[in-house]
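Student: sequence first, predicted model second:
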Amino acid sequence: MQKQDSTVSLFQARLALGFGISLGVAYLLYRLAIAPAQFGIDFEIYRAAAADLQSGQTIYGRSPVGISNLTYRYPVILLAPFSLYLLVSPVTGFAIHVAGTLLVSVLLGLAVARTTESYGLQLSKYDYILICGFIIISPIGAPSLVNGNINHHIAFALGLGLIWTEQGRERRGGIALGLAALPKVFPAAIGIWLVWKRKWCATFAAVFTGIGAVTAGAVLFGLNRTRRFFVEELLPRGTANSVSGGLSPSSLYVTLQRPLSAIFTGASGTVLTVLSLAIVTPVVAYVYLQSKGTIQRLIALLSTLCGILLVIPSYTMYFVLIFYPLIPLLYLLQGWPGRVFTGGVVLMQFTLKLHDAAMLVRLLGLPKWGTETVVASLRAFYTLSTPVLWGTVAVLIAGVWQIHTHPSG
């Protein structure tokens, strides 16, 4: 019976990964058709900010590409590697950047696959290809690839850091986790798990790495630029009042604050954040208290990362950060928890925005009344939730279900 369950789990995992790759390819073709000029927009920001640094211009508080909402949002130290792109043409630089993204994605995929096998599973070359392909081009990862973002690089550092820490190589793991938190800060919340498991060496290594990198930026490029990073970019991101009064159904955010803002329309961003924490914290706490076995620890890690993404207003492209431990659990969970988990992963691949979903409905050629009815239903759905939000909730439910039914697994 257990062998049959393992076979079913293997089939489900392959189905979910293959489905994600298929949708990712469709997304890539869609972007090529409707907005080819937007390819590499994030890379363009990095390169332009590096050019501003070299010429002594202001980096923070303005857009390096002349579009008000497109600013450079990372610590100044990261402009050191980005400056290397100034040695080649923009097209060549973007090609090199994409090649680097593919490389770190494959390396992360290989690490995830080997770690999955360390739990007693035997994966084929087909599984290795599916895992690497899913990381590169699933609808979660494809936007970062297309835009030239560094989310895959962050996911690589985060995944490798967690794997190393779980394997007892805490110093190396902590350094990787510190680097993962450097660009976007919020991945540092994984420190909650490190402290809970008393991974002190990893914790201190991560903290020293982050502080050291910020300090190096201040020494190399000036204290004023580092101060402006905190004042102009980091602190304003923490105000989180963009959801006050309810999120627009066309908003790109995936967060529990979406349905909460529709229910508590007068609540501020701070109140909505507290309410989101009140929902997520009991789930994560329960999982932490039961995190004794291998699978339970993976579920605890995933719950931490998903909890972070559900509390803060997150873009779908940030979900690359959960590839590890999401993918190993996709192979490991069996029975009904495994089915619910797989369903959640599949739902997470439907990253269509309201506008895109409505456009696809109109392309179906339904009668006008039918089209308008479906579009109105979509608008109501997106006002309260998104497929990615429901998929994340399903993944969390499956994890709690697994722990409840297999407390010592």
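Tutor: Thanks, I have the structure now. Residues are numbered from 1 along each chain as shown.
Student: which intervals of the stretch 1-150 of the chain have sub-threshold pLDDT?
Tutor: 1-5 (pLDDT under 70).
Student: where do the helices of it begin and end?
Tutor: 2-34, 41-55, 79-82, 90-117, 125-137, 142-147 (DSSP state H, counting those that start in this stretch).
Student: buried deepest among those, which one?
Tutor: helix 142-147 (a mean of 22; mean count of other CB atoms under 10 Å). Every residue, glycine included, has its C-beta placed from N, CA and C.
Student: buried stuff in the helix or strand containing residue 227?
Tutor: If you go by DSSP states H and E, residue 227 is part of helix 223-228. Of the residues in helix 223-228, 225, 226, 228 count as buried by neighbour count, 16 or more other CB atoms under 10 Å.
Student: chain center to it: distance?
Tutor: 28 Å (CA atoms, centre = their mean, to the nearest Å).
Student: which other helices and strands contact that helix?
Tutor: Using 3 or more CB pairs under 8 Å, 6 or more residues apart in numbering; DSSP states H and E as the contact criterion, the elements in contact with helix 223-228 are helix 200-221.
Student: taking helix 41-55 as reference, get the angle to the helix it packs on.
Tutor: 50 degrees (axes from the mean of the first three to the mean of the last three CA atoms, to 10 degrees).
Student: so what's the model's average confidence on helix 200-221?
Tutor: Mean per-residue pLDDT for helix 200-221: 95.
Student: neighbours of residue 66, how many?
Tutor: Residues contacting residue 66 under the criterion other CB atoms under 10 Å number 8.
Student: cool, and residue 405?
Tutor: So residue 405, with other CB under 10 Å, has 11 neighbours.
Student: let me see the mean pLDDT of stretch 152-164.
Tutor: Stretch 152-164 comes out at a mean pLDDT of 97.
Student: residues contacting that stretch, please?
Tutor: 100-101, 104-105, 107-108, 111-112, 115, 135-136, 141, 144-145, 170, 172-177, 179-180, 183-184, 187, 190, 202, 206, 301, 320-321, 323-325 (CB atoms under 8 Å, 6 or more residues apart in numbering).
Student: switch to 7 Å and redo it
Tutor: When contacts are defined by CB atoms under 7 Å, 6 or more residues apart in numbering, stretch 152-164 is touched by residues 101, 104-105, 107-108, 111-112, 115, 141, 144, 172-173, 176-177, 179-180, 183-184, 187, 301, 320-321, 323-324.
Student: same check, this time on stretch 131-150
Tutor: 17, 20-21, 23-25, 27-28, 31, 39-43, 94, 97-98, 101-102, 105-106, 108-109, 112-113, 151-152, 183, 316-317, 319-320, 323, 327, 348-349, 351.
Student: try stretch 311-325
Tutor: Here stretch 311-325 has contacts from 108, 112, 135, 140-141, 143-144, 149, 151-152, 154-155, 158-159, 162-163, 186-187, 240, 242-243, 252-257, 273, 276-277, 280, 298, 301-302, 305-306, 309, 348, 351, 388, using CB under 7 Å, 6+ apart.
Student: format the buried residues of helix 223-228 as TSV; extra columns: distance to residue 360 and pLDDT.
Tutor: Below are those laid out as TSV (distance: CB to CB, whole Å; pLDDT from 0 to 100):
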residue	distance to residue 360	pLDDT
225	44	93
226	45	93
228	43	92
